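S.K.: take a look and give me a structure for this.
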Amino acid sequence: MTLANYFAFERPNPIPGRLSQQLKATKIFKRLNIPNIRLSVIEDFAGHIVKRFIPGKVDLKEFLADVSGYDFGKTAKKNFGEFTFKAVFPSILKAARKVGYELYPDRKLVNSNHFEDNLRVILSKMSGVTRLMIVGIIVMGSNKTILRALNGSKTQSAMTISLAARVIAALVVDNPIMEKKVGVPTRPKHIQKDQPEKPDFMSLPNAYNSVDSLPHEALRHPDVVCIGSGPSLAAVVEILRKHPNKSVLIIESGGHLSNEEKGGLTQMRRTVLGYEQAGLTTALGFDFSNGISNALFGASIPMPNLVGGGPGIFSGTIEDPEPYIIRQIFSGMNVDHLNERAEEMLGVGLIPKELMPQGSIEFLETALSMGYSGRPLNGMNMARRRPNQTLCEGRAECPSQCPIDAKENPFLREALQYPNVILVANTEAQRIEFKGDEPVLIPVISKLSGRKFNINVEGEARILVGAGTFGSAKLLARSGISPKGRITFHPASEVSAFNPDMGLVDPRGRLQSFLVEFRKNIEGVQGANEGVRPYFPLLLLASPGIIGERAVELLNLYPRTETYGIMMSEGDDSGGSFIRIPGFNELQMIYKMSQEDRLRMKMLAFKTLEIAAHTKRGLFLRALTFPLFPSKLAGEFSQLGFFHRDEIERFKGHLLDNKTFMLNLGFHPLGSSTGNIDRRTGLLLGRKRTYVIDGSSITITKVNPTKTIVVNAMDKGDKIARDM
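M.R.: Sure, this is the predicted structure:
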């Protein structure tokens, strides 16, 4: 049997003689509690799984290696080149199109070359484990009966699995044809006529697109190696200001898009290219308490993977933590001077009203009139405080890599002004090799060619680990150091308001432009509400249970729908950690969200809906709940998850029911390495000359962490510089 036939199948037949294996596979499906599906269908499909994947009939290890890019059960050998499992891709594409026909029945879009390209790109960005999982669920979902049953199930496990299949819906509608149909903004709301012209990062003479083109002497004994190019580069800037002649090598696993290149791509394609694992990094959790059965659930935690790090894809919110948090992180040290410099470098300022979307202004004014506390947010590059600073134009494309680089990482820009600093993109540090407690070698691999190189760090070189909470944890694990630390993040979700009698929503304006706080209204929660404008393909991805013609109808409402993001500080009983996945040499984040935090999150959604119900747009309301609320007054819109504002109290009962699940995202993951370092210096415990300087080395649960990450990196960089 060829690899191309692994996924090519019609309706499978049961296989006599392999009953025990077939029944074992059947039990997996039965545990999902999927209703309205004949047992014979499950048995037939389970038989197909057994026939295709049980060793003896096919080489299972060969199959896993081809799909995931790994030698299963051996040392990982991931192929970082362009998508290479060509033998199986045609069959994966065939299965994905079957899923696409069910989720969004526009055969022109599903059969387009753009959809095929989207599938190639997103699978090539995934890790081996994620790719294997997505491909398996695509194959399972290509069975129409099972896909419909998954979407109709009321268990969270089934919802979690169906969400993976719903990636296909997003890839189908991510098309220039649909962008024109739903009204993606083409002109900025607030035009800056004096925007500076500055060279693109990768056009600079000391920036390289991969290690392939880097002169080999640059790999020999640099004074500083920084792994990651995000905000923690503030530490490198501190070192360079005190030692301007030190040689610095910055290794970045992500790539870079010029503004010209961004202009030729859809927002979702830019999003996929800018995030770790195409934005599908997920924290898995398990909860069997309080009557919840089969509660496998996941929270998507998008993390950056591009030159410049987080500023390239976040919305640029810069808020201060409370003073006690600063004292806790910095052991009572006064860091006011660092805080001021961080603000100056980041261009922190209050978001002006002219940059706020009209719907955000109305929501904020409504909340204030109802007695809530609220205000505009502070943002990055809202104040012109440094040369060549590009200001926001309100294009509402922040998470998709800003097309004018209005959130450019200023620390990378400053570092590259030094001729002895080199940036290398599309290059992943595989591990740090130690001889005793001394670092001696950093093997790296080109993500463009798959070629391997070594950076020699013997002697006095300082290694700064700044690859982010996920990237730094992976690097430490591959270096033989288990990441230790409670991972925190901000659980988030969104709610929507729709009025068919109102005109189109103006899609322009700055995302996350205001804040409404609920500390006095919900016990134990520092909740926040922010104006958002999710890119429309993500609306289908985040709408469990809505497929087929309903999905078409939901996108038809998108141009008239306001969306509000909600974000919450988690309590002390919630948190995550990493586990190693056997055979793949990969880490998976496991997260436990306490019952109290789940309830607080639901109350935060309800309070936000209450405010939205008092706006002009808030005739019909919607939250990302599963199962959908059975509205009696929303008419045709009830099948899309909307309910009438007069039903809000009845919706509250549905929302707070323990068996109602609310779809969550997670932002600002921190803390994965706090147990591995000396908190004062960032030095890796039991090792020399190796420091962790990014968000993985701190834990904050109360505020957007960007500025605190920068201040922490400045503090650590200052200490490292003094020791050099």
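
S.K.: can you list the weak-confidence ranges in this structure?
M.R.: The chain contains residues with pLDDT under 70 at 1-87, 156-157, 184-193, 286-298, 332, 521, 523-529, 582-585, 701-703.

S.K.: SS state for the spatially most central residue of it?
M.R.: Central residue of the chain (C-alpha atoms, centre = their mean): Pro302, 0.8 Å from the mean position. Recorded secondary structure, Pro302: coil (DSSP: H, G, I helix; E, B strand; the rest coil).

S.K.: looks like it contacts Gln277 (just checking).
M.R.: No. Using C-beta atoms under 8 Å, Pro302 is not in contact with Gln277, being 9.3 Å away. Using the backbone N, CA and C atoms, a C-beta is placed for each residue, glycine as well.

S.K.: can you tell me how far Asn409 sits from Gly471?
M.R.: As judged by C-beta to C-beta, to the nearest Å, Asn409 and Gly471 stand 16 Å apart.

S.K.: likewise for Gly480?
M.R.: Gly480 sits at a distance of 17 Å from Gly471 (criterion: C-beta to C-beta).

S.K.: next: Arg341.
M.R.: Arg341 is 26 Å from Gly471, by C-beta to C-beta.

S.K.: between the two, which is the more surrounded one?
M.R.: Taking other C-beta atoms under 10 Å, Arg341 and Gly471 do not tie; Gly471 has more neighbours (26 against 17).

S.K.: is it true that the more buried one touches Glu276?
M.R.: Yes. Applying C-beta under 8 Å, one finds Gly471 in contact with Glu276, separated by 7.2 Å.

S.K.: list residues touching both of these two?
M.R.: Common neighbours of Gly471 and Glu276 are listed as Met303, Asn305 (criterion: C-beta atoms under 8 Å, 6 or more residues apart in numbering).

S.K.: helices of the stretch 101-250 of the chain, start to end?
M.R.: Using DSSP state H, counting those that start in this stretch, the helices of the stretch 101-250 of the chain run over residues 107-110, 113-125, 128-141, 144-152, 156-173, 176-182, 234-242.

S.K.: for Asp320, which of the ones you listed is the nearest?
M.R.: Comparing the helices of the stretch 101-250 of the chain against Asp320 with C-beta to C-beta, the closest turns out to be helix 234-242 (16.5 Å).

S.K.: got the contact list for stretch 654-667?
M.R.: Here stretch 654-667 has contacts from 154, 156, 159, 163, 283, 290-292, 297, 299-302, 489-493, 542, 544, 567, 591, 593, 598-599, 601-603, 605-606, 623-627, 629-630, using C-beta under 8 Å, 6+ apart.

S.K.: if we can go back for a sec, can you pull the contacts of the residue nearest to the centre of the chain?
M.R.: Per C-beta under 8 Å, 6+ apart, neighbours of Pro302: Tyr275, Glu276, Gly279, Thr281, Ile313, Pro399, Leu665, Phe667.

S.K.: does Met126 touch Ala278 like I think?
M.R.: Yes. Between Met126 and Ala278 there is a contact under C-beta under 8 Å: 5.9 Å.

S.K.: these two: who's more crowded?
M.R.: Ala278 (24 against 21).
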